Every structure is written in structure tokens, then in C-alpha cells.
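> return a 3D structure for these sequence lines:
(chains A, B and C)
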Amino acid sequence: MSTESVLTADQRDALQELMNISMGQAANSLAHLIETKIGISIPKIASVTPEQLFSMISEQADAYYTRQSFLGDIQGEVMSVVSQQGLCEVGALLEYDAPLSQTDIQEIILELSNILAGACLAGLSAQLALGTNLNMPTLFSPRKANFEEFQWSNSLVMEVQFDIEISSFSMRVVFCLDDASLDRLTQTLDELLG
Amino acid sequence: MFDQLVAKLPVGICVVDEQYRLQYLNAFFLDRMRPDQRHNYLQQPLISIFPEQAKFLTRRIKSVFVLQHPSFSYWEQRAHIFPFKSSRPITGEETQMYQNMEIVPISGPSSEQKLACIILQDVTAQASYLMAQQELASALKQEHTAQRKLIKKLDSAQSQLIQAEKMASTGQLAAGIAHEINNPIGFVTANLATLKDYSEQLLNLCDALADKLQVTSPSLAQFSAQTMDTYHYELLKEDISPLVDESCEGLNRVRDIVENLKQFALEESTGWQLFNLHETTQQLVKLVGAQYKAPVYKVSCNPPNLQIFCEPASIKQALTNILINAAQSIKCKGFVKIDIRATAQRVSIKVIDSGVGISAENIKKIFDPFFTTKPEGMGQGLGLSVAYTAIEKHKGKIIANSNPGRGTVVEILVPVVHPEQRHECAEPLGGS
Amino acid sequence: MTVRVLVADDSRLSRRSVIKALPPELNYAIDEAANGKEAIALLNKASFELMLLDLTMPEIDGVGVLEYLADKTEKPHVVVISADFQPEKQRIVMSLGAAKFIRKPLDQEELAMTLFELGYL
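You can find the predicted model right below:
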């Protein structure tokens, strides 16, 4: 994974900070909604090949996956990796009755992905004064074969991780941008950096 | 114009304020609500009109107000949020509407006023199509599994057939060998009888010589006695006759077995012919009894030496299979009884055993091909099915009754056929 | 008069925007730290009147720096400027002796108001 080829150190730093701010907002929103404390990681930014993206996504065992696309001034896809561990506690926080049915679990995963990915994207877009719209998330299971068939060779990914303190639950959100959006993003970052 | 447009949209639009009170409903919603609810709904709590999913709706709307971010719900996880009928209540298969829902944050006329807009999509057609597809897929999968099972059975049937073919050729081979063995048995038997004579004469000769010497030459007599001792004459004299007798008896047994084998295997002829059921059953019992030694076997036939007109090969095959099953059902001690009775119309062959029996559940299936309770590889589950087919060929019946733990009775009933009826074969049992 | 300020944030952009947002009425002697470890090293070397501290940082995070400062007698006013503004986080930060919590993205007015409250203006 490299960042040099895609972003300058300043651009990368700025993007990381913007993501950090967005995550803070996302975490605060979710914390408010489920009345518990959310831990946030330092965002990781990298340029990856489909192969690397696959191993990033699938390094965690026992996970659920969702993806959703976003359109607008920048376009791409968000993949969320939701831990199976601790999901029951999160379900309880979201006022689901135990035990969770299979459809309850699916609904919770989709909702969490939507909330966190949505808040991150909204925060990022707002700070960069870019318009984006997130589409509805869907469940998916990453298979290596899928990733090998991707039409791109390199993509910018931003990875953030959320933890919920009272349980072992964690969730990673990976943003992938297409090339045109990457140009748009670097341009906007440059304007911001003055 | 926009009012009209929104009212006519093919999706449901419902707007609530932060207290979840209704601010707007479009025609999509109104058309599907109870007539008494269609008026005075403004400012009413949403969940008082749609209490079905109150908890879920409240939670999701709250999330939209708090996060200022859309919330989604899909029919796969939650099919019916609003209690609406299918869009095709008359011709459709689904009675309830399948729904996708999106709730988006919007602002009211004064931009401080936060509102949430529920957008409801009728996806019944999609859902019902998808569910039908899934059903089809699972049906196909089931069929596929069944086919695989069948293929496996066919494979096993094929190997069974190959085995049967082998057995048939082995049978013929055995018959050939049996024939060849008969010749040496013949002369060995004859020679043995002669040897018995010769040995007796030789002993007599020795005794006579010894007696004579006793009288004529005491010194030679002593020598003779010593020599006889050295060669264990007394022992030889005692042993030789029982040895020869035992050998004769053994030879007789070999001859019997070979004879049975020959008869059984050689009658491979497929055509219909007169057939001594009594004798064949006795031979069969000997053959099966040689392999399964636990039970005591008994054959009774009334009238004795019953001859029936049939296709001997298949009747024998059927009897063999039933007999082997009966024999196998006896683990250490018990009996297998074959009771043959004939009337003018039909012949009954009952095979009665005191074995482990067959459960009521299994007994319905014992004539099914491939049904077996034996461990994998120990039986193909074809024996009784073959017997069934054979008896059916004779327009007969085969009936099994069992008392688990006590024993089993299998009865074969075949109509009596006279040689002159051969071509029209037999009337089915109970037919006239 | 010159205020000695330590700006601790892992993001250069963020440090720059913090520095840019400082009210122009005062003079500043500014040191920068890119993580908690660097910040603690600088705190050991020199004394500061004011520290503008981020929370989410590598090596040692902002909470770690506050914990380090907790039992010190000589210490700067710490203003936490963080994106992680969950109420629980703010409570922890304040209980560790921070003077003020400001949300990111930083609002220049809010920073000026805080410095006023702390008596710099």
C-alpha cells in the first residue's frame, strides 16, 4: 500500500484530518442515538490494488459485510465490515428484543453501516463543500474472485474503525473513490491548503 | 403543480415533525388507509394511525432527526411496515404489500423546522418474483439432491448387476467344475472300497502268518512279534478300518454337495418347466445352512415332492433371497422353517424365522429396491426386491409379517399353472 | 507581551488552522508537536502558558498527555481541540484538568472567546 503516488504528504494529512473530524461527528451522532461511548481510530489513507483491498476487507474473521455507493461531486463505494462479536449488545442498544433473528441481524448491520458511513461521508462532503448522496446499503460477501474482476488497478481508500466500549463490537468503514473523484478531491484539498 | 405531482407519485410520501405527528400524506398513503382514517389525520401521531410497527418507526425516525441522515429499510428484513394490501388484491398472489422504505430528513417552510419524510415503495411484484425464484431455486436444489441420490443408487445397481453377472458365470463355472469333480469322485470311491477290501485281506494274511509261526517256530514267532511291534501293527489294525470308513463318508458328502451345486447352478434354463419345489428347497436349505450355521432348518412339504410348473431360476432366486434374510436374522440360536402347501389353485411357501424381526416402519419398505438395514457395503437392499419381481412374474403375491424381537413370516403365494396353460401364463391371484 | 504556546496535533493542516485562528491581538512563541510523545518531550524541556491539544493522535493521545500533566504543579492551560466530542469524552478530558473543550472543525470566534475567558485578552 502506498500513498505517495496518489496524494502529496500535505493532501494526505489534510484528508486524514477531515476524516477524523467526520468520524468524530459520526461517533457523536451514534453515541447520542444509542447512548453509549464510541471509540474512534486514527483514519488510515492508502492507495490499494484490488488484491490489497480484498485482504484489507477480509482480514477479520467472523464479520458481516455491507456496501453502498455514493454519487455526486465525488463518487465511489463504501464497504463496512461489521464484527459478529458484540452485535447482540448493539442490538439491545438499538432496542431490538433478544434473541436476534437473522433478519434482525441483517437490519442492524445495514442500519449501522448506513449511520456510520453516512455520517462520515456527510462530514467529509460538508467540510470540502462537495455534494454527495449515499444510496441504500446492501449486504454482500467478499469473494476473492469478485475482487480480481474489478475494473480498476489502484484506488484511494480511507479506512476508519469504530468500537463500542461496552462490548467487543467493532466496525470498519472503507471508502473507495473512483479516479475522477480522486482528481476532484485532490483539487479541493489543494484549495483548502491554499 | 408540485402538490399535484407529489400527490400522484407512485410512491408513498408521509411527512412527520419532530414529535412524530403527521404533516402530510400523499394519495398513495390515503388510498390505502381505512376510510375513517382519511380525514383529520393531520397533527395526529403517526403511530396512532399505524401502530403495527410503532417501535421500529419511532426508532428510525428518531435516528433521522438525530443524525440528519437518511435511514433505509428493505422488504427482505421487514416486509410490511404499513398495513397496506397488495396492489393487486384480486389477481396477485400476495395479499400484503411488500415495502421498501426510506426516511429522509427535510426542513419545513421555516428552515428551523425539522421534518422527516417517509418514502414508501411498493415492491410486492419484485418481492413475489424473487420469492418465487428462491422457491424455484430451492426446489431445483432438492431435485438435484434427489437426482444425485438416484445416480448413486444407479451406480450401486450397476455394480450389483455386474456382481450378479459374475455370480451367474461363477455358477456356470461351478457347475462345470462340479461335473469334472464327479469323475474323480467316482473312481476314488470305487478304489476306496477296493482298498478297504485289500486292507482287510492284508490284515488277515498277517494274522494268519503270526498264528502259524507261533506253533511252528517260536524263535521266528518272537522275531515276527518284535517286527510287528516295531511297525505298530496293533495300532494299524485298529485304525485302518475306521479311517477308510471315514474317508468313504467324507467322499459321500463331497458328492452330495457337488450334486446340489450342479443341480442348482445348471438349471439356469430360463424357460417354464416342471420343477420339484420340495427337493429344490431341501437343496437350498443345505446350501444356505452351510454358510449360516446358527439356525436350525426344517422343511415341510404337503404334498411331498410337490412339482410345480414355473420358471425355476427366478423362483429359486426368490427363495434363496428370502431364506438368506431369514437365516441372517438369527444371531445365535433359533429356527428357520419352510412350510410348503399346495391346493388345487395355489401354492403357498411360508418362510418362518425366529429372528430379530422387522419394525412396523421398515416392513412397509422391505420390497423397495435399495432398502436395507444392513451397514453400508454389507447389502445392496436388492434381495427382496428381486424376490418381489420374480414372484410378480408368476402373478403371485409376497407378504411379510413381523413381530420385532420374535420373528418374521414371509409368505409366497403363486397360482398353480398347468403346462398346457403355459402360453397364456397364469390368471392373477384372486382373479376368478 | 508574548504568550508561549504548544500546539499538539498529528495533522499539519490542523496545527496550521489552529495557529491561524489565534487572535492577532497577541504575540505568540509557538512550538508544535505531532503527537503526544513529542508534546511531553517539549513540556519537559520548556515551560508553556497555553497548550492547544488534539485528542486522537498516534503514540500517546491527548488523554495520555493530560494524564501526564495531571500531577504536575507547573503546567499550562490546556485547551482541547478535538473531533471526538462525545459527551463522555468531554467529561473525561475536563476531569483530567483541561480548561476548555473546543470542537473541530475549529471556530475562530470560539477560540478567541476561550482565550478571553482564560484571561489572555
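
> only C-alpha atoms from now on, for both contacts and neighbour counts.
Will do.

> tally of neighbours for residue 90?
Using chain A. Residue A:90 is flanked by 21 other residues according to other Cα atoms under 10 Å in any protein chain shown.

> wait, chain C was what I had in mind.
Residue neighbour count, defined by other Cα under 10 Å, stands at 19 for residue C:90.

> just the one 4 residues further on next, same as before
By the other Cα under 10 Å criterion, the neighbourhood of residue C:94 contains 16 residues.

> need the pLDDT of it.
pLDDT, the model's per-residue confidence, is 94 for residue C:94.

> next, it: phi, psi?
phi -70, psi -40 (degrees, to the nearest 10).

> for it, which non-adjacent residue is spatially closest?
Using Cα to Cα, 6 or more residues apart in numbering or on different chains and skipping residues adjacent in sequence, the residue nearest residue C:94 is residue C:100, 7.2 Å away.

> how many neighbouring residues does that neighbour have?
If we define neighbours as other Cα under 10 Å, then residue C:100 has 19 of them.

> bridging residues for it?
Listed by DSSP bridges, the beta-bridge partners for residue C:100 are residue C:79.

> so who does it touch?
By Cα atoms under 8 Å, 6 or more residues apart in numbering or on different chains, residue C:100 lies in contact with C:78-80, C:94, C:114.

> so, low pLDDT: which residues of the stretch 301-432 of chain B?
Flagging of the stretch 301-432 of chain B using pLDDT under 70 yields the residue ranges B:369-370, B:376-382, B:422-432.

> going along the chain, name the helices of it.
In the stretch 301-432 of chain B, the segments counted as helices under DSSP state H, counting those that start in this stretch are B:312-328, B:360-363, B:383-393.

> report the closest residue of chain A relative to chain B.
Closest to chain B within chain A is residue A:103: 4.8 Å, counting by Cα to the nearest Cα.

> sorry, back to before: could the helices of the stretch 301-432 of chain B be laid out in JSON lines, adding mean neighbour count?
Rendered in JSON lines, the data for the helices of the stretch 301-432 of chain B read as follows (neighbours: other Cα atoms under 10 Å in any protein chain shown):
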{"stretch": "helix B:312-328", "mean neighbour count": "21"}
{"stretch": "helix B:360-363", "mean neighbour count": "12"}
{"stretch": "helix B:383-393", "mean neighbour count": "20"}
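
> so which of these is nearest chain C?
Nearest to chain C among those is helix B:360-363 (66.8 Å), distances taken as Cα to the nearest Cα.

> what does that closest one rub up against?
Helix B:360-363 is contacted by residues B:400-402 when judged by Cα under 8 Å, 6+ apart.

> need the three-state assignment for residue B:195.
In three-state terms, and counting by DSSP: H, G, I helix; E, B strand; the rest coil, residue B:195 is helix.

> any idea which residue sits dead centre in chain C?
Here the mean C-alpha position of chain C is nearest to the C-alpha of residue C:52 (Cα atoms, centre = their mean), at a distance of 1.6 Å.

> quickly find the element holding it.
Of the helices and strands defined by DSSP states H and E, residue C:52 is found in strand C:50-53.

> now that strand: how far from the chain's centre is it?
Taking Cα atoms, centre = their mean, to the nearest Å, one finds strand C:50-53 lying 2 Å from the centre of the chain it belongs to.

> do stretch C:35-55 as well
When distances are taken as Cα atoms, centre = their mean, stretch C:35-55 is centred 8 Å away from the chain's centroid.

> just the mean pLDDT for that stretch, thanks.
Stretch C:35-55 shows an average pLDDT of 93 in the prediction.

> what's it in contact with?
Applying Cα under 8 Å, 6+ apart, the set of residues contacting stretch C:35-55 from outside is C:3-10, C:32-33, C:57-65, C:68, C:75-84.

> with adjacent residues omitted, what lies nearest to residue C:12?
Nearest one to residue C:12, counting by Cα to Cα, 6+ apart, is residue A:13 at 6.5 Å.

> count the residues that sit near that neighbour.
19.

> first-to-last residue distance for stretch B:100-116?
End-to-end distance of stretch B:100-116 (Cα to Cα, to the nearest Å): 16 Å.

> oh, that last question was meant for stretch A:98-106, not what I typed.
By Cα to Cα, the extent of stretch A:98-106 from end to end equals 14 Å.

> any chance you could list what contacts that stretch?
Outside stretch A:98-106, the residues touching it (Cα under 8 Å, 6+ apart) are A:87-88, A:91-92, A:96, A:139, B:76-78.

> list just the nearest of those to residue B:383.
Proximity of the contacts of stretch A:98-106 to residue B:383 was ranked by Cα to Cα; the top entry is residue B:76 with 50.9 Å.

> right, I'll call it a day here.
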